[in-house]
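Colleague: model this:
(2 chains)
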Amino acid sequence: MMKIDAQSGKEIALRLEALGNDVLADIELKKNPSLSILTRSLNNVYFDEDQGLIRLGDKKQSRNYINLNQAKKFMQTLLVAKQIKWLLDQQKPALSIRQLYYTLKHSIPGSKENTFDTQDESDPLIEDVEVMVDALREELKLIATPKGVLAGPMVVLDQTGDTLDFSKMGSAGGAVPPSVEENTFKIKECSADFILVIEKFAVWNLLNQGKYWKDANCMIMTGKGQPARAERRLLHRMQKELNIPIYVFTDMDPWGYYIYSVYKQGSINLAFFSEKAGAPKARYLGFSTGDVKQFDVPRSAYIKLKDIDYKRIKEIEAYDWFKSKGWKDEFAAMKQFGYKVEQDSLVAKSIEFTAKEYLPTKIENKQFIN
Amino acid sequence: MYYEGDMMTTNVAETMAKTHKAISIAEFFEKNKHLLGYENLQKSLLTVVREGVDNSLDACEEARILPDVYVELQKGTTGDNKFKVIIEDNGPGIVKANIPKIFGKLLYGSKFHRLRQSRGQQGIGISAAVLYGQLTTGKSAKIYSRINDGKTHIYELHVDIQTNEPSVVGEDTVYGSGHGTRIELNVKGRYVKGKQSIYEYIQETAIMNPFAKIVFVDPEGEKFEFPRAVEELPREPREIKPHASGIEFGTLLRMMKNSKARIISGFLATEFSRISSEKAKELCVLANIDPKVSTTSLTRDEAEALHDQMQKAKLQNPPMDCLSPITAKPIEEGLKKELAPEFVTAVSRSANVYSGNPFLVEVGIAYGGNLDQDGSVHLMRYANKVPLLYEQSACAITKSVIQTDWRRYKLSQSGGSLPVGPVAITIHFASVWVPYTSEGKEAIASYPVIIKEIKLAIQEAARRMGVYLSRKRRANEVEERKAIFRRYVGELAGALHGLTGKDEEKIATQMSELIEEKLKTMVLVEEPEDSGHDAEDLKDVDNEIPDEDNGEKEDGE
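Modeller: Numbers count the residues shown, from 1 in each chain, chains lettered A, B, ... in the order given. Modelled structure (predicted):
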């Protein structure tokens, strides 16, 4: 395992070195030193319908040193690149992006200025380096703190050498580690029939307490709201390696719908990551406007849609990956209904309702929004 | 009752008549010395010095001698607040016979009736200083005069207050070479530093009289030298006759009475400037007076009609060579040598006329250097090359400065006040007759034409300063920008060394060379190919990223 790691690390280090040499070539030719970076904004993102993924276009922008608006950012970008190469070369343990920020922050000799003043300055540059050397943050020895937990009949060989049985993780479940690459988090076996991704920890927790995953023979996972990169990457790998259905269960509101799409098609900002983190086969299980009637959700669980909700619906409706008939109908229905419903509210019917009634019915009847 | 009352009035009037008697001018001024600048101890000491220095500079200029003036203040030996004031010059000196009257008789002088620009105007100044000295210390003045005849004439004298005649208490003649005048006065006064001080007066004098060398020794014995910055005296003013426009009726009558001309048209043509004999006849005809009538037989009505026509007449402006401008270059030199500013400019306007009196305005502006960065600009007002230290707010010069919009010239200014910045402004009003607002002679009256001329002069000088400041600002901006590129070289070289393993110092050197080469061609306007679209795009990236991947940002929370 470590061998593979070292090799891919070496490859990326070489790409970083090449990047430095390109800049040096500019300097030697007395050209304005420049970096060419894929644009990571909405106008360079498109929806690849064949793959079912949000992808980054090929629009590039150059970042030049002899440019007042860009000089500092240019310098900062190279500092980030240098530090990543150093992490790889020295085979240091992976750092969080905040820790990386601290290793780079210092005052510039001869001035009162700092190389970086806030983490907001270094974070986007890490993504720039990711696209420049076509490598994932995880491969760059940087981690984002994951929040996810999962449980179910799966056994994994961790990079520490420990074997993790996710059916024996108790009431807390097993945590999703920062790095879930094949060499760090190897899925040895999994007998589950499907994967259920749940927006909220509280709902996941209730299902785990009741050993729903055992009854339904499935994996249950939550990213606690918006998923971090590790949960997405893990879901992607599970789709690829296990080849079993994936169902996503969120709140019935535009924010919940969007969380589903991030798992499935990827996000705009990390469009370059979709290919390695998207799970296009994921299906939206609920909660949906149709469920409200079908399961007779009590009126007390309705929450009136606010202006900000309507605004978000409008934004999401415009995304190409939300333009299917199923979603068009859902948005229309929601606007007509005028309320949203949280997935937690099903406990109003009964504590066991989600596990015993709702989920089995929906999965049995294949009631999904596509 | 009525009768009685009338009787009483008569008696009082008779009693009062017995107490009426002539008052000597000297006696009058003893009681009204505040009118001459002796209103308090601080100002009195300044006035004494000022009268002496003004006299010295006038004398030198008139004799076309580059002035060397020496001013010394000694602490008196007889108690507090007593000073011995010594003023010495290299002027022409004074002939022996004239010394007593010049220093010992008020209103004696050559300048009062003469229409040409000079510092003193009334022939009161130096004799009033003598009078002030004797009144406050009881001591006579001592005068030394050398007129290049191998002798020094020494007088000790004071003013006889009853008669306004000099009272000589000592007289001597000793050997002496060269020329010049020295006066020693014992006076009561208070010596201060800073605002409205003798030092300030002398420095301001030195700025606008850069052809003079002044040495000042203060009461502590400290010596200050104000060197000469230009070796040429200002143009010598020529004496002119009065101009008809703006002449007072009373003055006209007096002139008629004193004139040697027999007939009225001859009087007009000889006593006034810009009136030819043709024009004189024309004015008489217009006033319905026979041009050949005798000046003495003119009735009051006729004189008034003539005065009327003189005011209405379209006459050429009076000749301007009665004025002696400092001119732009010497003003700049004066500002440079005294204030060492980083920028200096001066404007000398051509002459104009108020109430028949020719005048002109000159403005000098100094910026930066050691000038005070905070607070209002340092405004220095001058009338006929003499600094005006009091009554600043009443003066036409101050009003003109305040009315100018200095923000147009890159200085900050809040409404109704002087602008703010490291700036010194000298404004010189030169005229054959300076229209002061009061007897104190410290503020110039606000005639519209005077305000207008001052403002025009200010605007021209200020515009040049504004151009300099915006150029400087732009140059600073470019330097700041350049500094940014230079600042990151070390960081960049370090990063590139880390990425490539190449020699860090060599990279830094190459980087620096590249930057300097690029900056050479860098113009004030930013290079468009770099800062245009790319910069915009980059901004887009940063701004348009929706905050969806919150998971990442929660790092470290």
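
Colleague: and the helix or strand encompassing residue A:258 with chain B, contact?
Modeller: Using DSSP states H and E, residue A:258 falls within helix A:254-264. Yes: counting by Cβ under 8 Å from any Cβ of the partner chain, contacts between helix A:254-264 and chain B involve A:258, A:262. Glycine gets a C-beta too; all of them are placed from N, C-alpha and C.

Colleague: and the gap between residue A:129 and chain B?
Modeller: 11 Å (Cβ to the nearest Cβ, to the nearest Å).

Colleague: OK, contacts around the nearest residue to that residue once chain neighbours are set aside?
Modeller: Nearest in space to residue A:129, with sequence neighbours left out and distances taken as Cβ to Cβ, 6 or more residues apart in numbering or on different chains, is residue A:81 at 5.1 Å. Contacts for residue A:81 (Cβ atoms under 8 Å, 6 or more residues apart in numbering or on different chains) come out as A:16, A:19, A:20, A:129, A:132, A:133, B:495, B:499.

Colleague: contacting residues around residue B:515?
Modeller: Per Cβ under 8 Å, 6+ apart, neighbours of residue B:515: A:66, B:482, B:485, B:486, B:489.

Colleague: name the element it belongs to?
Modeller: helix B:504-520.

Colleague: Compare the contacts of residue A:81 and tell me which is most surrounded.
Modeller: Highest neighbour count within these, by other Cβ atoms under 10 Å in any protein chain shown: residue B:495, with 28 neighbours.

Colleague: what helix or strand is it on?
Modeller: In this structure, residue B:495 sits in helix B:489-500 according to DSSP H and E.

Colleague: what's the average pLDDT for that helix?
Modeller: Averaging pLDDT along helix B:489-500 gives 93.

Colleague: contacting residues around whichever residue of chain B sits closest to chain A?
Modeller: Using Cβ to the nearest Cβ, residue B:499 is the residue of chain B that sits closest to chain A, at 2.8 Å. By Cβ under 8 Å, 6+ apart, the contact list for residue B:499 reads A:16, A:17, A:19, A:20, A:21, A:78, A:81, A:82, A:85.

Colleague: ditto for residue A:57
Modeller: A:38, A:39, A:44, A:45, A:46.

Colleague: Looking at those, which are in strands?
Modeller: Among the contacts of residue A:57, the residues falling in strands (DSSP state E) are A:38, A:45, A:46.

Colleague: of these, buried ones?
Modeller: By neighbour count, with 16 or more other Cβ atoms under 10 Å in any protein chain shown, the ones in strands among the contacts of residue A:57 hold A:38, A:45 as buried.

Colleague: can you put the ones in strands among the contacts of residue A:57 in JSON lines and add pLDDT and distance to chain B?
Modeller: Below are those laid out as JSON lines (pLDDT from 0 to 100; distance: Cβ to the nearest Cβ, whole Å):
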{"residue": "A:38", "pLDDT": "88", "distance to chain B": "10"}
{"residue": "A:45", "pLDDT": "88", "distance to chain B": "10"}
{"residue": "A:46", "pLDDT": "90", "distance to chain B": "15"}
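
Colleague: So which of the ones in strands among the contacts of residue A:57 is the closest to residue A:237?
Modeller: Using Cβ to Cβ, residue A:45 comes nearest to residue A:237 of those, at 23.3 Å.

Colleague: How many residues are close by residue A:175?
Modeller: Counted with other Cβ under 10 Å, the neighbours of residue A:175 add up to 14.

Colleague: what sits opposite it in the beta ladder?
Modeller: Assessed by DSSP bridges, residue A:175 has beta-bridge partners residue A:149.

Colleague: Residue A:155 now?
Modeller: In this entry, residue A:155 is beta-bridged to residue A:165, residue A:189, by DSSP bridges.

Colleague: In contact with it: list those residues for me.
Modeller: Contact partners of residue A:155, counting by Cβ under 8 Å, 6+ apart, are A:163, A:164, A:165, A:166, A:187, A:188, A:189, A:190.

Colleague: Helices along the stretch 401-550 of chain B, start to end?
Modeller: Remark: helices assigned in the stretch 401-550 of chain B by DSSP state H, counting those that start in this stretch are B:448-487, B:489-500, B:504-520, B:528-531, B:533-544, B:550-553.

Colleague: where does the helix or strand hosting residue B:102 sit relative to the chain's centre, distance-wise?
Modeller: Using DSSP H and E, residue B:102 sits within helix B:99-104. Remark: helix B:99-104 is offset 28 Å from the chain centroid, using Cα atoms, centre = their mean, to the nearest Å.

Colleague: same thing with stretch B:374-389?
Modeller: So, by Cα atoms, centre = their mean, the centroid of stretch B:374-389 is 6 Å from its chain's centroid.

Colleague: send the alpha carbons of whichever strand or helix holds residue B:72 over as PDB?
Modeller: Using DSSP H and E, residue B:72 sits within strand B:68-75. The C-alpha trace of strand B:68-75 is given here as PDB (Å, rounded to 0.1, in the frame of the first residue of the first chain):
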ATOM      1  CA  ASP B  68      23.000  94.300   5.400                       C
ATOM      2  CA  VAL B  69      20.900  94.700   8.500                       C
ATOM      3  CA  TYR B  70      22.000  93.800  12.000                       C
ATOM      4  CA  VAL B  71      19.400  93.500  14.800                       C
ATOM      5  CA  GLU B  72      20.300  92.900  18.400                       C
ATOM      6  CA  LEU B  73      18.200  92.700  21.500                       C
ATOM      7  CA  GLN B  74      19.900  93.000  24.800                       C
ATOM      8  CA  LYS B  75      18.300  92.400  28.100                       C
END
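
Colleague: If you count contacts, what does it end up packed against?
Modeller: Packing contacts for strand B:68-75, counted by 3 or more Cβ pairs under 8 Å, 6 or more residues apart in numbering or on different chains; DSSP states H and E, involve helix B:41-62, strand B:82-89, helix B:198-208, strand B:213-217.

Colleague: before we move on, the earlier item: tell me which residues of the helix holding residue B:515 come out buried.
Modeller: By neighbour count on 16+ other Cβ under 10 Å, the buried set for helix B:504-520 is B:504, B:507, B:508, B:510, B:511, B:514, B:515, B:518.

Colleague: what do you get for stretch B:161-180?
Modeller: B:161, B:164, B:165, B:166, B:167, B:168, B:176, B:179, B:180.

Colleague: now those residues as TSV including distance to residue B:59?
Modeller: Output for the buried residues of stretch B:161-180, formatted as TSV (distance: Cβ to Cβ, whole Å):
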residue	distance to residue B:59
B:161	27
B:164	23
B:165	23
B:166	19
B:167	24
B:168	21
B:176	17
B:179	10
B:180	9
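
Colleague: For the nearest residue to residue A:9 once chain neighbours are set aside, which residues are in contact?
Modeller: The shortest distance from residue A:9 to any non-neighbouring residue, by Cβ to Cβ, 6+ apart, is to residue A:88 (4.5 Å). By Cβ under 8 Å, 6+ apart, the contact list for residue A:88 reads A:9, A:10, A:12, A:13, A:16, A:140, A:141.
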